[in-house]
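> Predicted model follows, preceded by the sequence.
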Amino acid sequence: YDEVVSIENKPGEKIVSTRSGEYSCTALILAFGKTPRDLGVPGEQELKGHGVSYCAVCDGPIFKNRVVSVAGVGDHALQAAVYLAGVASKVNLILPGSEVRGDDSLVSAVNSENKIVKTFGRKVKSIKGEKSVKSLLLQKSDGSEAEEVQTDALFVEMGYIARTDFIKGIV
């Protein structure tokens with residue numbers, strides 16, 4: 001397994017460059033995975049794997065009976081919050097808008113789960129902690145006042161992107 005960084009299209013062959021080497025072939029099948037979208041806030045990169053996660057099912061059990069937060073939009077965020085409510089002692093669901101939006105059954109599940117505390121009209125401004133996540137600085141979506149929320153983990157559910165930059169001009 002390796003990440004493709006470029007593809008060169010020559011007559012009769014294609015040169016695929018990865019982080020560890022080059023490969024030559026006459027035909028190529030492209031299969032893209034998906035990469036979670038980052039929040040792009042201070043503390044996110046430093047605390048990845050130390051309380052910042054992009055997979056509630058993968059990492060949720062690590063935070064059993066602890067306080068966790070979910071920042072995101074749509075069904076991804078709602079699914080994560082509902083799942084984590086079965087694991088954590090409390091789930092802070094941070095939503096940029098003024099209401100819970102998504103699939104009706106997920107909205108109903110979120111609204112009926114008393115472990116999920118919904119925070120509307122906020123976005124994560126920064127993630128705080130030395131060796132692990134300790135708190136989040138939340139700012140109103142309009143950019144005004146900010147507040148700090150204590151949490152043991154942040155699950156980022158902003159959707160996914162496909163990394164396709166390396167095929168521009170080839171396909």
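Now that the structure is in, tell me what you want to look at.
> what about this structure, any weak spots by pLDDT?
For the chain, applying pLDDT under 70 flags the ranges 1, 171.
> For it, which segments count as strands?
4-10, 13-18, 22-25, 35-36, 52-53, 67-72, 90-94, 116-119, 122-128, 135-140, 146-150, 153-157, 160-161 (DSSP state E).
> Once you drop chain neighbours, what's closest to residue 50?
residue 132 (4.7 Å; Cβ to Cβ, 6 or more residues apart in numbering). No exception for glycine: its C-beta is placed from N, CA and C like everyone else's.
> got a list of what that neighbour touches?
Applying Cβ atoms under 8 Å, 6 or more residues apart in numbering to residue 132 gives the contacts 47, 50-51, 152.
> which phi and psi does it have?
phi -150, psi 170 (degrees, to the nearest 10).
> Look up how far residue 157 lies from it.
20 Å (Cβ to Cβ, to the nearest Å).
> how about a markdown table for the strands of the chain, with mean neighbour count added?
Shown next, in a markdown table, are those (neighbours: other Cβ atoms under 10 Å):
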| stretch | mean neighbour count |
| --- | --- |
| strand 4-10 | 13 |
| strand 13-18 | 14 |
| strand 22-25 | 11 |
| strand 35-36 | 14 |
| strand 52-53 | 24 |
| strand 67-72 | 26 |
| strand 90-94 | 24 |
| strand 116-119 | 17 |
| strand 122-128 | 20 |
| strand 135-140 | 19 |
| strand 146-150 | 14 |
| strand 153-157 | 27 |
| strand 160-161 | 12 |
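> Switch the ones you listed over to CSV; also include distance to residue 78.
What follows is these, written out as CSV (distance: least, Cβ to Cβ, whole Å):
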stretch, distance to residue 78
strand 4-10, 33
strand 13-18, 37
strand 22-25, 41
strand 35-36, 16
strand 52-53, 17
strand 67-72, 8
strand 90-94, 8
strand 116-119, 9
strand 122-128, 16
strand 135-140, 19
strand 146-150, 19
strand 153-157, 8
strand 160-161, 16
